[in-house]
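Peer 1: dropping the sequence and predicted coords here.
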Amino acid sequence: MAFLNPTLAFAALACIAAPIIIHLLFRRKRKPMEWGAMKFVLEAFKRHRKRLRLEQILLLAARTLAVLCLALAVGRPMLAGARPADSRRAQDLTIVIDNSLASQARTGGAASESELATAKVHAARMLDELDSARGDRATIITLASPAERLLSAPSADLAGVRRVLDQIEPADSGADFAGAAALTRDTSQGAAADRARESTIAVLSPLRAGSVDLSREVSAREGAAKPSESDGEAAPTLIATLPTADNAENVAIVSVDPLRSMMIRAGQDGSTQQARVSLRRFGEGIAKAASVQLRVRVTDGRDSDDEKSWAKTAVRFAAGEDTVTVLAPVAMRAFKDEAAPAASWIEARIDDDAIASDNIFRRPWKVREQLRIGVLAPSQAPEPSAGPAGYSSADWLTLALAPAASTRGVKLDGENEPIRISRMDPARLSASELSAIDAAFITRPDLVDAPSWPLLNDFARRGGLLVVCVAPNEGAQRWTDEFVKATGIAWVFDRESTAFKAPNPTRTLRGANADQPIIAALGADLSELIKPVVATRLLGVDLKGDGAWLLRFDEHQPMLASTRPGGMTASAGKGLIVAFFVAPELNWTNLPAMPLMVPLVQEIVRQGVGLASGSVELVAGATLEAPDDLRAVEPKDAGAAGAVARRAGLWRRVDARGVTKDVVAVNADTRGSSTLTQQKSQLEPFLRNWVRARDFAWSDPTAPAQGGNSNALGASRHSPPIDLPLLIVGLCLLIADVFFSRIFSHATVRIDRAEAGPIQRSGSGAESGESSRGVAA
Amino acid sequence: MASAATEASLYLHPQTLARLSSFELRAKMIVEGLSSGQHRSPYQGFSVEFAQHRPYSPGDDLRHLDWKVFARSDKLHLKQYQQETNFDLIVMVDCSGSMSYGSRSFAEASGAGRDKSPDGRTHWSKFDHATALAAALSYITLRQGDRVGLEMFDERVRLVLKRSSSQGTWRQIVGALSSHPARRTPAPGEGSANRSSDLRRAIDETFAQITNRCILAIVSDFFMDLDMIKEALARTRHAQADVMAFQIMDRAELEFDLKENSGGVLLEGLEGESMLRIDPRAIRKGYLEALEEHNSKLRALLRGMGYDYTLVNTHDFLGPALAQFVSRRNAQIKKHLA
């Protein structure tokens, strides 16, 4: 314990001896008083000895404690670890303010202040306690991922720091404690270099599970080392606001996955789309059943927000259930009678709750008038006399792409068809030709010359769908070298195709991977559709873990597989490559004649093009590519996207001419949606190790300022002298002492003769009447 | 008698002394005197006061035949009379250590208006008051022609003055009392200080020396064990003696209104008790309760045996208290005889 006035304190503490000395002085030997009736004194004393001793002890204790309290109050003591506010060194204060998604929680309804606003007020009070004249400086770090230092260095311009603080906006990303720790380290080290300064880090956060997920931070806690003795001075002091105890119910939209990756508008009314929507709820109310109204629509931003523009679904959480996934209808009212928009997206909403930002989820979703397919094959017509046996791979695929028409005499490139097919010469490919199509079916890869493979790879990487079929020849498949080299995938092909011989001249399809999005729409029908499909020849391939098989004969031999250009291990990019390892011709397989053929090819095209073109869907806190090309769509006041998207929203990516190329959706990081409150005891070890703090103290952000002087910064560390409570206790003890003295000194036992009268009367007074007569006589 | 009066004036106020002339102390019971007097004798003779008849037996003195009875009943009966005699008063004064306590100033209490006692004390002790009371009782008794003896006792009988009705008896009694060193710090070999009282032993020693029935006037503060008192009184009852108990107490002892000093009062007992520091107000209630209990039992014990009990406060003048006692006693005797 430290004292503000140590000298006075020790002098006053010496006063404790006063009651004892007085007690001893009064007990000193003094001239005794002779007393005759000692017999009764001793009797009374023996009878009350214990009570008298207890009274004396109580009195002595009360007096000694009273003097002790008053002495301590005079010395103005402070709690352990505290330092007097007016004797500290110049201070570098780093305010780490939580503006992450969790800090947007409003426990008192939409009109109430968010926890970020409370934290800002608390931070302002801390700044008010600094004194630039003494050399105090401050800086601010925002905790929303990625953590950001708003001032390059601690500033002595505290008014300027205050202005920066006022401009802090809430973000929709999670809290980045690790990043903030790295940023604070610089400030602390700067202060440590200057022995005359001390470093203080103030963490202003509600510390809900959305901000600090201790289960995720376990490694950080275990890995952090305690500050060593040598760097004890350099280690900063950490002040953290008390974790909020306000319960808040929050539901977040975690994901929205449309069943179709895109919509081909031609020939459809646009009213039957569905999306798989996952919702998760947080808070203490999970134990009870609850219901949330979900609204989903596809929009291009031109829709009004009226009720009719939404498809509504009631989502029910059972008691104890925190996550629900529903198949919700998607309203597409806006596109019934209009041309497909340049940019559109699925938007899902739920009613507002504690955190509003995670109640909206946007996902780019393309609406296309028709798909343009290029079939790379020699433009030679099949022999009419040969019949289906003479159909090439290109013929079968074309038939599957346009099943309503025959392969001959049909207008394959009709404007009103959902799929527009064009034949392309694989030997004379050009970039301009490829830019006009959405998908390229390479049925004769052996005819593609070496320079064309890079073109095809570029096509895929720009978001095109590349479907490659094995060359129908029986010889070596040399094209595979160029194909693998150009696309950068890890597949290893056999040099030649293999024909199955007796006694098992055919192989039957045994597996279909319905989990893959590209064929997921076929669902449970796949298992039935693949049964009759057999092959007599195939090209062996080892996928090497790159990509995914879609159909296969056995565990080691796929028939159909997909991957991304550059391989699945490469950075996420656009484009999709689908490969048939059996040529879709009847002398290789019966697939072209089986019911599986048409739905399989249709799904590959319809889902594949959408998957290949990709949708830029990011989580708040992610880095944006070419942010200067982005224009805010939703919310309209989102402004420039910036290099890092900390706010949820929707942006259009435009080219140099201002034409929309695609849309970028940024959704709230639902890891920050948890509103669960956490205990101090759980948080303290993490926080202590977070910045390897030398001292740690909690600060109450809701505590009102006392006497016009806030104590936000020194809530514990620069704790006020506890003289007032001691003074009160001392005075109470003095009052108790007076009370005890009055009781124990038996002052209430009045010495009056009337009390002693009966004794006198018992002998003589009782007979006084006769006495007076006797005397008179 | 003149020098005795001078000494007695230290203790008895002249007005009190004058009033004593009018007091008549009578024996409550039948005493065995040696000469005729105003007190009844157990020996039935032929004196003045008729007692009873008894049948005539041959050899009886015919002078005592009641002829009137013979005339009426034709039977011979003798008249018997109560023989009146004098009594012996033995004044037993407690000279134990506790009797030396007193809070009244000597000048106020002394009949002579002296500031100090002959031994230099400025306070009026209980022994001083006992001296005055004994002197008064002796004076009354001697005036009636009865015999008075004096005994002073503490743990044992310290002084005995034989019973006498002679003229010098009172002087001897007053002289003995006034000169007895019942003080806190007596000279070596003199004193009775720091000695408690043993009434039982004193009574035993007293009755070892007398054979006739007498009146005992016990003047003491009775700060002794009640069982011991009970045994002593049983002895007197066995000896068919009358007892007049005078409990001498100082007003301070009755009220216990000691001035409180910070840190309490250090009390030192006068009968060898250890010193004790007390807060007077803290134990006053207990003290008064203990005192009241003791005195109540003492009073009940004495009155249960038919003896007189009188509490005498040293701060009160003796005359009224004595007058009250004498009148009450005489009234009781009259009532008993009626």
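Peer 2: Everything's here; your move.
Peer 1: all strands for chain B, in order.
Peer 2: Along chain B, the stretches classed as strands by DSSP state E are B:36-45, B:49-55, B:77-85, B:88-94, B:104-105, B:123-124, B:147-153, B:157-164, B:215-220, B:242-249, B:265-269, B:276-278, B:308-313.
Peer 1: low-confidence ranges in the stretch 501-650 of chain A?
Peer 2: A:568-573, A:637-641 (pLDDT under 70).
Peer 1: nearest residue to the residue of it found nearest chain B other than its sequence neighbours?
Peer 2: Relative to chain B, the nearest point of the stretch 501-650 of chain A is A:R646 (76.7 Å; Cβ to the nearest Cβ). All C-beta spots, glycine's among them, are computed from the backbone N, C-alpha and C. Take A:R646 and drop its neighbours on the chain: the residue closest to it by Cβ to Cβ, 6 or more residues apart in numbering or on different chains is A:A171, 3.8 Å away.
Peer 1: do the same with A:D662
Peer 2: Counting by Cβ to Cβ, 6+ apart, the residue nearest A:D662 is A:R653, at 5.2 Å.
Peer 1: need the strands of chain B in TSV with mean neighbour count, distance to chain A and mean pLDDT, can you?
Peer 2: Output for those, formatted as TSV (neighbours: other Cβ atoms under 10 Å in any protein chain shown; distance: least, Cβ to the nearest Cβ, whole Å; pLDDT from 0 to 100):
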stretch	mean neighbour count	distance to chain A	mean pLDDT
strand B:36-45	18	18	50
strand B:49-55	12	24	73
strand B:77-85	18	23	68
strand B:88-94	26	11	91
strand B:104-105	17	13	88
strand B:123-124	22	10	88
strand B:147-153	25	17	91
strand B:157-164	18	18	89
strand B:215-220	26	12	92
strand B:242-249	25	6	92
strand B:265-269	20	3	84
strand B:276-278	18	6	83
strand B:308-313	23	2	91
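Peer 1: for the residue nearest to A:R646, report the pLDDT, please.
Peer 2: You'll see A:A171 listed with a pLDDT of 90.
Peer 1: burial check on it, number of neighbours?
Peer 2: Using other Cβ atoms under 10 Å in any protein chain shown, A:A171 has 31 neighbouring residues.
Peer 1: right, and it touches A:R647 too?
Peer 2: Yes - look at A:A171 against A:R647 with Cβ atoms under 8 Å: they come within range, at 6.1 Å.
Peer 1: got any residues that touch both of the two?
Peer 2: Any residue near both A:A171 and A:R647 by Cβ atoms under 8 Å, 6 or more residues apart in numbering or on different chains counts here, and that gives A:A620.
Peer 1: okay, now the domains of chain A?
Peer 2: Per the record, chain A has its domains at A:2-28+A:36-81+A:724-750, A:88-247+A:681-717, A:250-365+A:616-672, A:371-613, by automatic domain parsing.
Peer 1: with distance to B:L311 added, can I get those in CSV?
Peer 2: CSV is the format used below for these (distance: least, Cβ to Cβ, whole Å):
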stretch, distance to B:L311
domain A:2-28+A:36-81+A:724-750, 13
domain A:88-247+A:681-717, 70
domain A:250-365+A:616-672, 83
domain A:371-613, 116
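Peer 1: picking that back up, pretty sure the residue of the stretch 501-650 of chain A closest to chain B sits against A:G174.
Peer 2: No - with contacts counted by Cβ under 8 Å, A:R646 stays clear of A:G174, the gap being 10.4 Å.
Peer 1: so what sits against both of those two?
Peer 2: With contacts defined as Cβ under 8 Å, 6+ apart, the residues shared by A:R646 and A:G174 are A:A144, A:S145, A:G621.
Peer 1: neighbours of residue 273, just the number please.
Peer 2: You didn't say which chain, so I picked chain A. 22.
Peer 1: please go with chain B instead
Peer 2: Look at B:E273: counted by other Cβ under 10 Å, it has 18 neighbours.
Peer 1: check B:W170 too.
Peer 2: By the measure other Cβ under 10 Å, the count of residues near B:W170 is 22.
Peer 1: before we move on, the earlier item: residues in contact with the residue nearest to A:R646?
Peer 2: So A:A171 contacts A:N99, A:S100, A:L101, A:T142, A:A144, A:S145, A:A620, A:G621, A:R646, A:R647 (Cβ under 8 Å, 6+ apart).
Peer 1: likewise A:T200?
Peer 2: Going by Cβ under 8 Å, 6+ apart, A:T200 touches A:Q91, A:D92, A:L93, A:T94, A:P236, A:T237, A:L238, A:I239, A:L713, A:R717.
Peer 1: what helix or strand is the fourth one on?
Peer 2: Looking back up the chat, that one is A:T94. For A:T94, the host element (DSSP states H and E) is strand A:90-97.
Peer 1: what's the average pLDDT for that strand?
Peer 2: In this model, strand A:90-97 has a mean pLDDT of 88.
Peer 1: which other helices and strands contact it?
Peer 2: Strand A:90-97 sits against helix A:115-129, strand A:137-142, helix A:177-193, strand A:197-204, with contacts defined as 3 or more Cβ pairs under 8 Å, 6 or more residues apart in numbering or on different chains; DSSP states H and E.
Peer 1: for that strand, which strands pair with it and how are they oriented?
Peer 2: Sheet pairing for strand A:90-97, assigned by DSSP bridges, gives strand A:137-142 (parallel), strand A:197-204 (parallel).
Peer 1: torsion angles phi and psi at A:I239?
Peer 2: For A:I239, the backbone dihedrals are phi -120, psi 130 (criterion: degrees, to the nearest 10).
Peer 1: distance of it relative to A:N689?
Peer 2: Noted for A:I239: a distance of 16 Å to A:N689, by Cβ to Cβ, to the nearest Å.
Peer 1: quick one, helices of chain B?
Peer 2: Ranges of helices in chain B, per DSSP state H, are B:2-8, B:14-20, B:67-73, B:106-109, B:126-143, B:169-179, B:199-207, B:226-238, B:251-255, B:280-304, B:318-337.
Peer 1: please work out the average pLDDT along the third one.
Peer 2: Put plainly, it is helix B:67-73. Averaged over helix B:67-73, pLDDT sits at 91.
Peer 1: would you put the C-alpha positions of that helix in CSV?
Peer 2: Extracted as CSV, the C-alpha positions of helix B:67-73 are listed here (Å, rounded to 0.1, in the frame of the first residue of the first chain):
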residue,chain,number,x,y,z
TRP,B,67,-58.0,-17.0,100.5
LYS,B,68,-60.5,-15.7,98.0
VAL,B,69,-60.1,-18.7,95.9
PHE,B,70,-60.4,-20.9,98.9
ALA,B,71,-63.6,-19.2,99.8
ARG,B,72,-65.1,-19.6,96.4
SER,B,73,-63.9,-23.1,95.6
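Peer 1: residues in contact with that helix?
Peer 2: Taking Cβ under 8 Å, 6+ apart as the rule, helix B:67-73 contacts B:H53, B:K75, B:L76, B:H77.
Peer 1: touching chain B at all, the helix or strand where A:A71 lies?
Peer 2: A:A71 is part of helix A:38-75, with elements assigned from DSSP H and E. Yes - using Cβ under 8 Å from any Cβ of the partner chain, helix A:38-75 reaches chain B at A:M38, A:K39, A:F40, A:V41, A:L42, A:E43, A:A44, A:F45, A:R47, A:H48, A:L52, A:E55.
Peer 1: having no further points to raise, I will conclude here.
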